[in-house]
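>>> My questions are about this predicted structure, shown below with the sequence.
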Amino acid sequence: MEIRLQKFLAEAGIASRRKSEELIKQGLISVNDITVTQLGTKINSNTDIVKYKEKIIKLNVNYIYLMLNKPDGYVTTVKDQFDRPTILDIIQDVEERIYPIGRLDYDTEGLILLTNDGDLTYKLTHPKHNIDKTYIAKVVGIPSEKNLQNFRDGLLLDDNFKTSKAKIKILEHDKKYSYLEITIHEGKNRQVRRMCEAIGHKVVYLKRTAVGDLFIGNLKKGFYRSLTKKEISYLKNL
Ligand code: URA
């Protein structure tokens, strides 16, 4: 973000805007290790290193952590090439520029987190962290015990990706459909749908109910809430 140096100093809580101008004039502020005395100098608050008395100054970012129960018919990208609605259209009262952590398909419902905390996003989406994600899938037919076991042991998907161990159980079924509870920790494109198809059961409805120990609970479809302090520290300490 481009911002005037004195405004940056004021927003970082160093001094008032007027006092910050004094600090600049006195040659006490450097940008990328070059002393700046020119008032009105613009800096990039994301990339430039501003120092006051040799100490790096950072903006106090107002970190936002939200959990949304995504309805189907929304993309989780910030912008969509086909102009379909994005989940950011649902979030109304947040001024900070937030973005989804990970993704859900257009036609998948359920738990998605949004934040402006880049470190947490990086951590939660990095494959090495292996965070469990739990889904309820309604599929056509009733999977056999053998197919459930294959699903648990790992499947070879159409792009030759071998899935790692997963959990699956039948919650209920009628003659035509089954409701399955599935937990995986990988995040390949349409992975749950493709895994179900690999054992011969087409998914007709998919909802994510948990990410790690965070549960969608009774959050209504299309609604969102802030994470609690406990939930935020749980994610940060994963
Ligand atoms: N797996 C899928 O198939 N779709 C999702 O949206 C998430 C996981």
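That came through fine.
>>> Identify each buried residue in the helix or strand that contains residue 3, please.
Using DSSP states H and E, residue 3 maps to strand 2-4. Going by neighbour count (16 or more other Cβ atoms under 10 Å), the buried part of strand 2-4 is 3-4. C-beta coordinates here come from the backbone N, C-alpha and C atoms, glycine included.
>>> which strands and helices sit next to that strand?
strand 42-44 (3 or more Cβ pairs under 8 Å, 6 or more residues apart in numbering; DSSP states H and E).
>>> Apply 10 Å and report the result again.
helix 5-11, helix 17-25, strand 42-44 (3 or more Cβ pairs under 10 Å, 6 or more residues apart in numbering; DSSP states H and E).
>>> Sheet-wise, list the partners of the last one with their directions.
Take DSSP bridges as the rule and strand 42-44 pairs in its sheet with strand 2-4 (antiparallel).
>>> Give me the residues contacting the strand it pairs with.
Identification of contacts with strand 2-4 by Cβ atoms under 10 Å, 6 or more residues apart in numbering yields 8-11, 17, 20-21, 24, 39-46, 48, 59.
>>> Next: stretch 231-238.
With Cβ under 10 Å, 6+ apart, stretch 231-238 has contacts from 63, 65, 67, 101, 113, 115, 117, 119-120, 123-124, 129-131, 211-215, 225-228.
>>> near the ligand, which residues of the protein?
104-105, 108, 190-193, 206 (Cβ under 6 Å from any ligand atom).
>>> Filter those down to the ones in helices?
If you go by DSSP state H, the residues of the chain next to the ligand have 191-193 in helices.
>>> quick one on the thing from earlier: just the buried residues out of the contacts of strand 2-4, in PyMOL syntax.
Burial among those is assessed by 16+ other Cβ under 10 Å; the matching PyMOL selection reads:
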select buried, resi 8+9+10+20+21+24+43+45
